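Asks: Provide a 3D model corresponding to the input given below.
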Amino acid sequence: MNRSIYSRVAIGIAASAATAALVGLGPTLAAQGRGSAPTYQVNPLWPQPLPNHWVFGSITGVAVDAQDHVWVTHRGADSLEGNEKGMMSTPPSSSVCCVAAPFVLEFDANGKLVSSLFEYDKKPAGWPQSPGGIAIDGKGNIWITAAGLEPAPPPPPGGRGRGAAAAAADGDGTPPPAARGRGGAAAGPAAPADAHVLKISKTGQVLLTIGAPGKIENAESQTALNRPSAVAVDDAANEVYVADRGNRRVVVFDANTGAYKRHWGAYGEKPGAAPGPYDPNAAPARQFRDLSCISIAKDGNVYVCDRTSNRIQVFSKDGKFQKEGIVNKNTTGTVVTGQFGVVSVVGSVWDVAFSNDAQQRYLFVADGTDKQIIVLDRATLNQVGTIGEGGRQPGRFLAVGSIAVDSRGNIITGEQHHGKRVQKFVPGR
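Replies: Numbering: from 1, shown residues only. From the prediction side, this is the model:
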């Protein structure tokens, strides 16, 4: 990475004394190591500006392909505030800004936009109410989960019962009774609930759909899903792994046909009823609460995020439990309604990515609630460092929910909700 980039930015934003320090570390101090933990600095000019007055919505997934191209998916117009979509309103409130970017964007290593799919008014059949994670397989196909809209939060203490929406907020996967508008109110007939995974070509052709919108079954189903949050592809075995959030399980399918292979729950056991609300002082729940990621390491182990439970569980590919790591045990969070629907900021383990060395020594954890990247020793799952802190400046985070690492060790992050931003962190000082 050209060091002059950092120099120019530092000179433009700081006095001479501060500039001297920033030139050496990038625009912000982006890493705090413990012992041998890696350190990083942010590239504030990545990605390059989007064309056509496009702006990101809430980022739901980032991924890196074999060419080190970065792929991003986001919620689009439904997650933009009124002043962010002036050119989209009827009549337009602004003639110069802004328009929701297409739902899927591809950037080269320098941050230049090289392709995009699905403009806000040109969705393909089966496009989710809200996309979730994204993965790129060895053939360049794009996998995207239909993660669904967040259910409504429970009523305040003393309210008259909890109802289905409140139960869903506890993580049992029950869909809310109606689709909700951007202010949290009912918004007409409910669209079919998100319950599927899409495999899409680089030209935008839907090649395979696993599950079906509106078809939700229990955790023993071999054909149906329930708000799947994330996906990982094992090219060698031609299998796709799905974090089936609503059913509290990992489920594996054939990547060509979508045929069911196997599934398992927490600790490799049979998935069952939702556990109660998270209690940092209680023993770890025997069932998943809130699956938010799934990734496969080079050694074949499968890493799963149980976000609301503040934990990572590791399995062999056949579903045998290997180990568990608790991350920021005391993190809780909140669920609120706002201008663009229900916003859930809960738990410490939102997404993970592996370091690029041969042993994949480190595991990077996107902690959206605590607004940082946590660096773990992958062998022990012990914390060895952090990257960033809360804030809007380059190198800081709001609701960082997605993370990926390229072949050069650069970290790519995506921020949900009001963050609506992608950032790139470069190894070393």
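Asks: Domain-wise, how is the protein divided?
Replies: Residue ranges of the domains in the chain are recorded as 1-27, 31-427, according to automatic domain parsing.
Asks: By mean pLDDT, show me the worst of the ones you listed.
Replies: The minimum mean pLDDT among those belongs to domain 1-27 (a mean of 34).
Asks: what's near enough to touch the nearest residue to Trp264 once chain neighbours are set aside?
Replies: Leaving out its chain neighbours, the residue that sits closest to Trp264 by Cβ to Cβ, 6 or more residues apart in numbering is Gly319, at 3.6 Å. Bear in mind the C-beta positions are built from the backbone N, C-alpha and C, glycine included. Gly319 is in contact with 250, 262-264, 268, counting by Cβ atoms under 8 Å, 6 or more residues apart in numbering.
Asks: Select from these the one having the most neighbours.
Replies: Counting neighbours by other Cβ atoms under 10 Å, Val250 comes out on top of the contacts of Gly319 with 26 neighbours.
Asks: follow-up on the earlier one: the residue nearest to Trp264 belongs to a strand?
Replies: No - applying DSSP: H, G, I helix; E, B strand; the rest coil, one finds Gly319 to be coil, outside a strand.
Asks: And it, how far from Gly246?
Replies: Computed with Cβ to Cβ, to the nearest Å, the distance linking Gly319 and Gly246 is 19 Å.
Asks: out of the contacts of Gly319, who's nearest Gly368?
Replies: Using Cβ to Cβ, Val250 is the member of the contacts of Gly319 that lies nearest Gly368, at 21.3 Å.
Asks: Tell me which stretches of this protein form helices.
Replies: Using DSSP state H, the helices of the chain run over residues 3-13, 16-25, 163-167.
Asks: Could you pull up the residues touching the residue nearest to Leu208 when sequence neighbours are not counted?
Replies: Spatial nearest neighbour of Leu208, excluding adjacent residues (Cβ to Cβ, 6+ apart): Lys199 at 3.9 Å. Taking Cβ under 8 Å, 6+ apart as the criterion, Lys199 is in contact with 141-143, 206-210, 240, 255.
Asks: would you turn those into a markdown table with distance to Pro44 and neighbour count?
Replies: Listed next are the contacts of Lys199 as a markdown table, based on distance: Cβ to Cβ, whole Å; neighbours: other Cβ atoms under 10 Å:
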| residue | distance to Pro44 | neighbour count |
| --- | --- | --- |
| Asn141 | 32 | 17 |
| Ile142 | 28 | 22 |
| Trp143 | 30 | 25 |
| Val206 | 36 | 13 |
| Leu207 | 37 | 13 |
| Leu208 | 39 | 17 |
| Thr209 | 39 | 16 |
| Ile210 | 39 | 27 |
| Val240 | 36 | 26 |
| Ala255 | 38 | 24 |
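Asks: Out of those residues, which comes closest to Trp46?
Replies: The closest of the contacts of Lys199 to Trp46 turns out to be Ile142 (Cβ to Cβ; 21.3 Å).
Asks: what's the spacing between the nearest residue to the closest one once chain neighbours are set aside and Ala297?
Replies: Among residues not flanking Ile142 along the chain, Ile200 sits closest, at 4.5 Å (Cβ to Cβ, 6+ apart). In this structure, Ile200 lies at 25 Å from Ala297, with Cβ to Cβ as the measure.
Asks: Tell me which of the two has more neighbours.
Replies: Ile200 (22 against 15).
Asks: Enumerate every residue touching the more buried one.
Replies: For Ile200, the set of contacting residues under the criterion of Cβ under 8 Å, 6+ apart consists of 104, 117, 124, 141-144, 206-207.
Asks: Equivalent analysis for Phe425, please.
Replies: The neighbourhood of Phe425, defined by Cβ under 8 Å, 6+ apart, consists of 30-31, 40-43, 373, 387, 395, 410-413.
Asks: Quick one: buried ones out of those?
Replies: Restricting these to buried positions leaves 30-31, 40-43, 373, 387, 395, 410-413, with burial counted as 16 or more other Cβ atoms under 10 Å.
Asks: contacting residues around the residue nearest the centre of the chain?
Replies: Most central in the chain under Cα atoms, centre = their mean is Ser402, positioned 3.6 Å from the mean C-alpha point. Taking Cβ under 8 Å, 6+ apart as the contact definition, Ser402 lies against 59-62, 133, 350-351, 366, 413-416.
Asks: Also Phe288?
Replies: If you count contacts by Cβ under 8 Å, 6+ apart, Phe288 has them with 248-249, 265-266, 271, 304, 306, 309.
Asks: How about it, nearest residue that isn't a chain neighbour?
Replies: Nearest to Phe288 is Arg248, by Cβ to Cβ, 6+ apart, at 4.2 Å.
Asks: My read is that the one you found contacts Glu269, right?
Replies: No - using Cβ atoms under 8 Å, Arg248 and Glu269 do not qualify as a contacting pair, with a distance of 10.7 Å.
Asks: So for those two, which residue has more residues nearby?
Replies: The residue with the greater number of neighbours, taking Arg248 and Glu269 and applying other Cβ under 10 Å, is Arg248; the counts read 26 against 12.
Asks: ok, that one - contacts?
Replies: Contacts here follow Cβ under 8 Å, 6+ apart; on that basis Arg248 touches 171, 173, 219, 265-266, 271-272, 274, 287-289, 291.
Asks: hey, where'd the strands end up in the stretch 1-150 of the chain?
Replies: Listed from the start of the chain, the stretch 1-150 of the chain has strands (DSSP state E, counting those that start in this stretch) covering 32-33, 40-43, 54-55, 59-64, 70-74, 99-100, 104-107, 113-117, 131-136, 142-146.
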